[in-house]
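Colleague: When you get a sec, could you give me coordinates for this:
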Amino acid sequence: MNTAHPRAGGDGHARTTIPTSADPSGSRALRYVADIIELHERLSYRQLPAEISGTPLYHAEDVHSGLITLTVRDSQIPARYLRGILGFRLAQYLRLSWISADLVYRTAAYHEPLPRPGQMESIHTVTLCSRTGRIRGYVGLSCSADPVSLPLDSPRRALFPTEAAHGIDLLGQYARPGLGTHQVFELKRFLRDQSMPLGIQHDRVPWHLMLGMGEAMIQLDDAIRLVLGDAKEHVALRHLRLAGFDLHVVEDTSPSLPSSDPLAPIYHQGVLAKPFVAPVPEDLPWYRDVVRSYMDGSSDLTSYHEMVARLAGRRQANGRPVIPRQRGGAA
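Modeller: Here you go, the predicted structure:
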């Protein structure tokens, strides 16, 4: 992992700005936050593909947009790169004011917490700019905290963070023999670099993340049976529906986290994320093939809107609900 030398306008990204926060954090905390954001803007991950241990779950290069996407487990990522990836997550949430600047400053954090030793492995999908090596997008699949796999309706199972924040049980309704908590993953941090300029990379990053995450689900098969999380209607929920997921969305929850939790500000917004859960669709490979062929130019689809129409058309043909129109243009 290298430090990129910034050039004026060289990468087309926006200048770092200090986020405002609801916390009474003070000027030193805000300066610290600005420094953390600046630090992670300068890091290059150009060598990451060569440094991965073993075969990635997914590795694709998009020559049309200059993007490289990798999907890997915790243990496949060298420690310094894993800290950097978790630092990208932190920096993006700081930009969005979705994490407490004051608590980040007080704990001198420069990345999100590392995985606990001995637990199951989480899965990370990272999209990089092939020219600069900068991270352009990220999504994670986070594993259960249960030391051993438990039935989904077990009173001893650990709640996933989404369930704890919203005060609901998302998994009990799916309980059946042979299905346990180690086959459930939580979708975390569906993020596009907030400093990206509009353009082809900006439009394609979410779909590369979906391809990487979807390929992991297809390859791992029975190891990932359910996904859950919370997301906003016209962002991750829309992408998941377009990828064939039949989401059970719980409306009208009142999520919160204690003020001691750095992520408490994420639930202090006007538009809140909705909790959801869904089985991995059996026809996920069909959706993957449509998106992948459009992205690599091998399909008959000539526009983003045609791709979306084909994905949505299959949902409707199978009797699934119509997907609401997206506000504000392409993904």
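
Colleague: switch to C-alpha atoms for all contacts and neighbour counts from now on
Modeller: Noted.

Colleague: Beyond the one helix or strand in the chain whose mean pLDDT sits lowest, next helix or strand please.
Modeller: Of all helical and strand segments in the chain, the minimum by mean pLDDT, DSSP states H and E falls on strand 2-3, at a mean of 56. Counting by DSSP states H and E, the next helix or strand C-terminal to strand 2-3 is helix 26-42.

Colleague: pLDDT wise, what is the residue nearest to Ala312 when sequence neighbours are not counted at?
Modeller: If the residues on either side of it in the chain are set aside, Ala312 comes closest to Leu242, at 6.0 Å by Cα to Cα, 6 or more residues apart in numbering. Leu242 is assigned a pLDDT of 93 by the prediction.

Colleague: Check whether Leu242 really touches Gly313, as I assumed.
Modeller: No - using Cα atoms under 8 Å, Leu242 is not in contact with Gly313, being 9.5 Å away.

Colleague: Comparing these two, which residue is more hemmed in?
Modeller: Between Leu242 and Gly313, Leu242 has the larger neighbour count (other Cα atoms under 10 Å), namely 22 against 16.

Colleague: Quick check: the residue nearest to Ala312 vs Ile218, distance?
Modeller: Relative to Ile218, Leu242 is positioned 16 Å away (Cα to Cα, to the nearest Å).

Colleague: Phi, psi for the residue nearest to Ala312 please.
Modeller: Taking degrees, to the nearest 10, you get phi -60, psi -20 for the backbone angles of Leu242.

Colleague: what does the one 5 residues further on give?
Modeller: Phi and psi for Leu247, reported as degrees, to the nearest 10, are phi -80, psi 130.

Colleague: start the count at 240, not 1, going forward
Modeller: Noted, 240 is the first residue going forward, which turns the last one into Leu486.

Colleague: Name the nearest residue to it, ignoring sequence neighbours.
Modeller: Using Cα to Cα, 6+ apart, the closest residue to Leu486 is Ala517 (4.8 Å).

Colleague: Specify the local secondary structure of His473.
Modeller: Under the three-state scheme (DSSP: H, G, I helix; E, B strand; the rest coil), His473 adopts coil.

Colleague: what's the neighbour count on it?
Modeller: 15.

Colleague: How about Leu269?
Modeller: 20.

Colleague: So it versus Ile276, what's the distance?
Modeller: Leu269 is 11 Å from Ile276, by Cα to Cα.

Colleague: picking up where we left off before, could you say what helices and strands the helix or strand where the residue nearest to Leu486 lies packs with?
Modeller: Element membership for Ala517 (DSSP H and E) is strand 513-518. When contacts are defined as 3 or more Cα pairs under 8 Å, 6 or more residues apart in numbering; DSSP states H and E, strand 513-518 packs onto helix 400-405, strand 465-470, strand 487-488.
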